[in-house]
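Have a look; sequence and predicted model below, questions after that.
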Amino acid sequence: MPMSLTDDLSKLGDDEQRKRVAKSIPAGFEPGIEYDSTGGVLKSVPRPVGDEPDHAELLAEFELDPAKWRITGLRRSKWQRWDGEWLESFRATFVPSSGSVYVDPQELLDIVAKWKPSNTPRKPVKASVSNVAFVVVLADTQVGKIDGEGSEGIIKNVLHKTDLAVARLKELRKAGRDIGTVYLPQLGDCIEGFNSQGGKNVWRTDLDLTAQIRVYRRLLLHMVKSFAPLADKVIVPCVPGNHDEAVRVGNSMATTYTDSFALDAASAVADALADHPDYKHVSFVFPKYDTLSVTLDMAGTVVGLIHGHQCRGKAVEGWKNMATLIG
């Protein structure tokens with residue numbers, strides 16, 4: 001049936017109304033959500049100005065449980081609708097909620113202080129001349145990270161692995177290996193820090209910065225004390241990582257490569273042991289100013305030490321490139 005002029009005018013009016021409704025929300029402000037297991041971004045439905053929702057309401061719009069997610073940032077946008085009414089919407093960033101994130105660092109330090117390893121020797125061994133060395137590497141502990149069992153799990157793991165390493169050294173000695181020197185390389189990322197990935201992982205920490213450094217310092221001190229009675233020399237080479245960089249501006253280092261919380265923590269341990277008569281045979285090796293690597297002779301083998309962030313996932317190629325720099 002042919003449309004009348006009245007029908008045409010009515011349809012035109014409907015089209016105009018749809019256009020007006022479409023213009024109610026400016027491009028780029030349409031409600032929606034994008035997220036994964038680490039968090040995401042949501043854009044709320046438009047509201048009359050003054051009708052500001054709380055965080056739980058914003059999460060509920062997208063059926064997110066406020067007990068499992070928390071909003072970390074909020075931005076509002078306001079515009080005037082076609083009929084003159086002012087509306088606003090909210091853009092929120094959110095992450096998984098871990099409840100009360102931070103833990104008491106003293107409780108973690110007490111774990112280190114009260115640790116009673118069954119294999120720790122009490123009497124120092126006699127000095128010997130040997131070209132055999134025992135190496136125990138510590139890297140990427142990332143104290144402060146909440147993954148797994150958090151900092152408590154990291155601490156217990158380091159303490160347990162130190163016990164196993166001590167037991168292994170005793171087994172090798174018993175088997176006839178004349179091991180004179182123990183090396184304890186510290187290869188960076190000792191703490192989680194707050195710089196990695198532009199600060200995106202700040203919420204995934206259970207210790208503040210100074211507590212992270214303090215806990216790592218105690219762990220390193222524990223390692224040295226565990227091996228010092230077993231060796232005529234204990235040498236602790238240290239290199240910085242990226243998580244323990246002290247100062248960044250944006251995603252870039254703001255100072256020198258040796259401006260590192262890892263090196264600072266190791267320096268504090270070295271200072272604490274320097275005047276103690278039971279640790280005169282303990283020494284530390286640090287990078288030269290504004291460098292990221294250490295090279296030293298380990299029982300006749302020249303070894304270069306770096307943290308993996310210099311290789312960016314290409315270890316073999318990275319070693320090739322570093323060979324000319326640290327040789």
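Perfect, thanks for sending it. Numbering: from 1, shown residues only.

For the rest of this, base every contact and every neighbour count on C-alpha atoms.
Will do.

The chain: helices as residue ranges?
5-22, 55-60, 105-114, 150-174, 209-227, 261-274, 315-326 (DSSP state H).

so which of those gets nearest Thr93?
In terms of CA to CA, the element of those nearest to Thr93 is helix 55-60, at 10.4 Å.

Gly180 contacts Ile235, doesn't it?
No - contact criterion CA atoms under 8 Å: Gly180 and Ile235 do not qualify, at 11.2 Å.

Trp228 is in contact with Tyr279, isn't it?
Heads up, residue 228 is Ala, not Trp. Yes - contact criterion CA under 8 Å: Ala228 and Tyr279 qualify, at 7.0 Å.

Of these two, give the one with the bigger neighbour count.
Just comparing Ala228 and Tyr279: by other CA atoms under 10 Å the higher neighbour count belongs to Ala228, 26 against 18.

Quick check: closest non-adjacent residue to the more buried one.
Leaving aside its sequence neighbours, Ala228 sits nearest to Val234 (CA to CA, 6 or more residues apart in numbering; 6.2 Å).

Who does that neighbour form a beta bridge with?
According to DSSP bridges, the residues that bridge with Val234 are Val182, Val282.

what sits against it?
Going by CA atoms under 8 Å, 6 or more residues apart in numbering, Val234 touches Thr181, Val182, Tyr183, Leu184, Val224, Phe227, Ala228, His281, Val282, Ser283.

What separation do you get for it and Thr258?
As judged by CA to CA, to the nearest Å, Val234 and Thr258 stand 23 Å apart.

go on, Phe286?
In terms of CA to CA, Phe286 sits 9 Å off from Thr258.

higher neighbour count, those two?
In terms of neighbours (other CA under 10 Å), Thr258 is the more surrounded of Phe286 and Thr258; the figures are 22 against 19.

Run a quick neighbour tally on the closest residue to that one other than its chain neighbours.
Counting by CA to CA, 6+ apart, Thr258 lies nearest to Asp290, which is 5.0 Å off, once chain neighbours are set aside. A count of nearby residues for Asp290, using other CA under 10 Å, gives 11.

Check Asp290 and give its pLDDT.
On the pLDDT scale, Asp290 is placed at 88.

So of the contacts of Val234, which two are at opposite extremes in space?
Going by CA to CA, the pair spanning the contacts of Val234 furthest: Leu184 and His281, at 13.4 Å.

who has more neighbours, these two?
Neighbours per residue, other CA under 10 Å: of Leu184 and His281, the larger number sits with Leu184, 21 against 16.

Got the phi and psi for the more buried one?
Backbone torsions of Leu184, given as degrees, to the nearest 10, read phi -120, psi 70.

I figured it hits Pro237, correct?
Yes - using CA under 8 Å, Leu184 is in contact with Pro237, at 6.7 Å.

Run a quick neighbour tally on the nearest residue to Val49 once chain neighbours are set aside.
Excluding its sequence neighbours, the residue lying closest to Val49 (CA to CA, 6+ apart) is Leu87, at 5.2 Å. Close neighbours of Leu87, defined as other CA under 10 Å, add up to 19.

Over to Trp82?
By other CA under 10 Å, the residues close to Trp82 number 14.

Return the backbone torsion pair for it.
Main-chain torsions, Trp82, degrees, to the nearest 10: phi -60, psi -30.

From Ala272, how far out is it?
According to CA to CA, Trp82 and Ala272 sit 71 Å apart.
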